[in-house]
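S.K.: structure of the sequence below:
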Amino acid sequence: MLRGLKLFSKTSGLCPNASKSAVYCHGMLESDVNRVLETSSYTRSYLPFRYLGIPIFSKKISAAECTSILEKMTGKIRLWSTRNLSYMGRATLINSVLISIHSYWAQLMILPKKLLRDVEALCRSFLWKGSSDTHSHGLIAWDHLCLSKTAGGLGFRRILDWNEAAIGKYVWDIAKKKDNLFVKWINSVYIANRSWWDYSCPLDCSWYWKRIVAVKERFKHKVSLGSFLSQQYSIKRGLELMSVPGSKVSWNKFVWDRLITPKHRFIMWLVMWERLNTKDRIIKYNSSLDSICLLCGEADECIEHLFFQCLYSRKCLSAIKNWLNWHTQSINLVRLLKWISHAKASSIYKSMLMTILAATVYHIWRARNDVL
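M.R.: Residues are numbered from 1 along each chain as shown. This is a model prediction of the structure:
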């Protein structure tokens, strides 16, 4: 072993740092261990240890060993919770920062399901409450949030699927018989020139290898080996193979129009899902609350009434129509969207109408909340 290190040092010019090096022994006599330590001048250490920030274990990794991921996420949330962030601002931070914190780990191993559920719970709590209280529930189920925007979701990453798609690159490397040490070792120890696509792992193999084989089986049920190898593998392609695309919703282009202010988009999105906390929803778990509209005081409050059957909101809509010379008699939000969709006008004009309508919906909802 020491001769191998010296040869490596002479060849590469890199020398091991004794203060940062350690010897890990398993299944050896204590006398042999002491002889290795005396000869090498290195210290003895024990599993687990960290390599490039990842804990290295001889057994299956548990959620307890991955708490640093949750701690980093919680620290970010505590920092952001001091700021007055809109729903859309939080959604952007979840997509760009929070969900990415575990990505480095997820590309190296299949993470415990409990950890991935905790990651989802933290993201869900931050979106709806702006805090790290994982006991709170959201207005819309997490699975729906992970749908694409064209299917009515927010485009969040499906964490479990992403983890398996990231490990899929090892499945592709083995199937492609890529020229690297890992693939050569796998072929020598486990596969032994058998068909990888038909391979079943033995019961006494390592937990890590069992997970890789399980990911291979998931791909096998979706695509043939030839199709799998026909393109260069990427995590995006792996997700496309694993996921079932949701049905396209008719209103996605209106809600996500590029001219609409982001926080207005989110409220419009909630309206289309019928998930705003109007009184008809709140009264289901708080029967002591009256159901009368806070703006007009004339009818029961629900989304259909608020946009735009309510006297207050109807006056706002009428003023907008007069200002724009918008010649339509409809006062129903869905019908107004259909009118915009079928209007014989330029895309810029349609975007302008949608932007103003979304702003109107947002400010009516804000006016309603100010009355509380």
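S.K.: for the stretch 1-150 of the chain, just list every one of the strands.
M.R.: Taking DSSP state E, counting those that start in this stretch to define them, one finds strands in the stretch 1-150 of the chain at 22-23, 43-44, 49-51, 54-56.
S.K.: would you mind measuring from M268 to E298?
M.R.: 25 Å (CB to CB, to the nearest Å). (Glycine included, C-beta is placed from N, CA and C.)
S.K.: these two - which one has more neighbours?
M.R.: M268 (26 against 12; other CB atoms under 10 Å).
S.K.: ok, the more buried one - contacts?
M.R.: F254, V255, I260, A358, V361, Y362 (CB atoms under 8 Å, 6 or more residues apart in numbering).
S.K.: then V171?
M.R.: Contacts of V171 by CB under 8 Å, 6+ apart are I212, V215, K216, F219.
S.K.: let's see 10 Å
M.R.: Contact analysis of V171 by CB atoms under 10 Å, 6 or more residues apart in numbering lists 164, 196-197, 212-220, 228, 233, 238.
S.K.: which of these fall within helices?
M.R.: E164, I212, V213, A214, V215, K216, E217, R218, F219, K220, F228, G238 (DSSP state H).
S.K.: now for those, which sits with the most neighbours around it?
M.R.: G238 (25 neighbours).
S.K.: my read: that residue touches G168, true?
M.R.: Yes - G238 lies in contact with G168 (CB atoms under 10 Å); the separation is 4.0 Å.
S.K.: now do the shared contacts for those two.
M.R.: Common neighbours of G238 and G168 (CB under 10 Å, 6+ apart) are V215, R218, F219, F228.
S.K.: just send the strands of the stretch 1-150 of the chain back as CSV, with mean neighbour count, distance to L337 and mean pLDDT too.
M.R.: Formatted as CSV, the strands of the stretch 1-150 of the chain follow (neighbours: other CB atoms under 10 Å; distance: least, CB to CB, whole Å; pLDDT from 0 to 100):
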stretch, mean neighbour count, distance to L337, mean pLDDT
strand 22-23, 14, 65, 86
strand 43-44, 12, 69, 86
strand 49-51, 10, 53, 80
strand 54-56, 14, 49, 82
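S.K.: between those, which one is nearest to M354?
M.R.: strand 54-56 (46.6 Å; CB to CB).
S.K.: within the sheet, what are the partner strands of that closest one, with directions?
M.R.: strand 49-51 (antiparallel) (DSSP bridges).
S.K.: residue contacts, R50?
M.R.: I56, S68.
S.K.: relative to S68, how far out is it?
M.R.: Distance of R50 to S68, computed by CB to CB: 10 Å.
S.K.: ok so, going back, which of the contacts of V171 sits closest to Y190?
M.R.: When these are compared against Y190 (criterion: CB to CB), the nearest one is V213, at 8.7 Å.
S.K.: check what pLDDT the closest one gets.
M.R.: V213 carries a pLDDT value of 95.
S.K.: for the one 4 residues further on, same thing?
M.R.: Per-residue confidence at E217 stands at 95 (pLDDT).
S.K.: surely it touches G168?
M.R.: No - E217 is beyond contact range of G168, at 11.6 Å (criterion: CB under 10 Å).
S.K.: W142 versus I94, what's the distance?
M.R.: Using CB to CB, one gets 11 Å for the distance from I94 to W142.
S.K.: kindly report the same for W80.
M.R.: Per CB to CB, W80 is found 19 Å from W142.
S.K.: try I191
M.R.: 37 Å.
S.K.: which residues touch P55?
M.R.: Residues in contact with P55, defined by CB under 10 Å, 6+ apart, are L47, P48, F49, I61, E65, C66, S68, W105, M109.
S.K.: narrow these to just the buried residues.
M.R.: I61, C66, W105, M109 (16 or more other CB atoms under 10 Å).
S.K.: save those as CSV, and put in distance to F308 and pLDDT too.
M.R.: Formatted as CSV, the buried ones among the contacts of P55 follow (distance: CB to CB, whole Å; pLDDT from 0 to 100):
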residue, distance to F308, pLDDT
I61, 54, 86
C66, 49, 89
W105, 49, 92
M109, 53, 90
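S.K.: the stretch 1-150 of the chain: helices as residue ranges?
M.R.: Per DSSP state H, counting those that start in this stretch, the stretch 1-150 of the chain carries helices over the ranges 2-12, 30-40, 67-80, 87-93, 103-106, 113-129, 142-145.
S.K.: swap that for the stretch 201-350 of the chain, sorry
M.R.: For the stretch 201-350 of the chain, the helices defined by DSSP H, counting those that start in this stretch cover 207-220, 225-229, 235-242, 252-255, 262-273, 279-282, 303-304, 311-324, 333-342, 347-371.
S.K.: and stretch 123-141, C-alpha only, in CSV?
M.R.: The C-alpha coordinates for stretch 123-141 follow below in CSV (Å, rounded to 0.1, in the frame of the first residue of the first chain):
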residue,chain,number,x,y,z
CYS,A,123,-40.6,23.6,1.5
ARG,A,124,-44.3,23.3,1.9
SER,A,125,-44.3,25.1,5.2
PHE,A,126,-42.1,28.0,3.9
LEU,A,127,-44.4,28.5,0.9
TRP,A,128,-47.6,28.7,2.8
LYS,A,129,-46.5,30.0,6.2
GLY,A,130,-43.1,31.6,5.6
SER,A,131,-41.7,29.5,8.5
SER,A,132,-40.1,26.2,9.2
ASP,A,133,-43.0,24.8,11.1
THR,A,134,-43.5,21.5,9.4
HIS,A,135,-46.8,20.7,11.1
SER,A,136,-48.8,23.3,9.0
HIS,A,137,-50.8,22.2,5.9
GLY,A,138,-50.9,23.9,2.6
LEU,A,139,-53.8,25.2,0.5
ILE,A,140,-52.8,22.9,-2.3
ALA,A,141,-51.3,19.4,-2.1
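S.K.: buried ones in that stretch?
M.R.: For stretch 123-141, by 16+ other CB under 10 Å, it's C123, R124, S125, F126, L127, W128, K129, G130, S132, T134, G138, I140.
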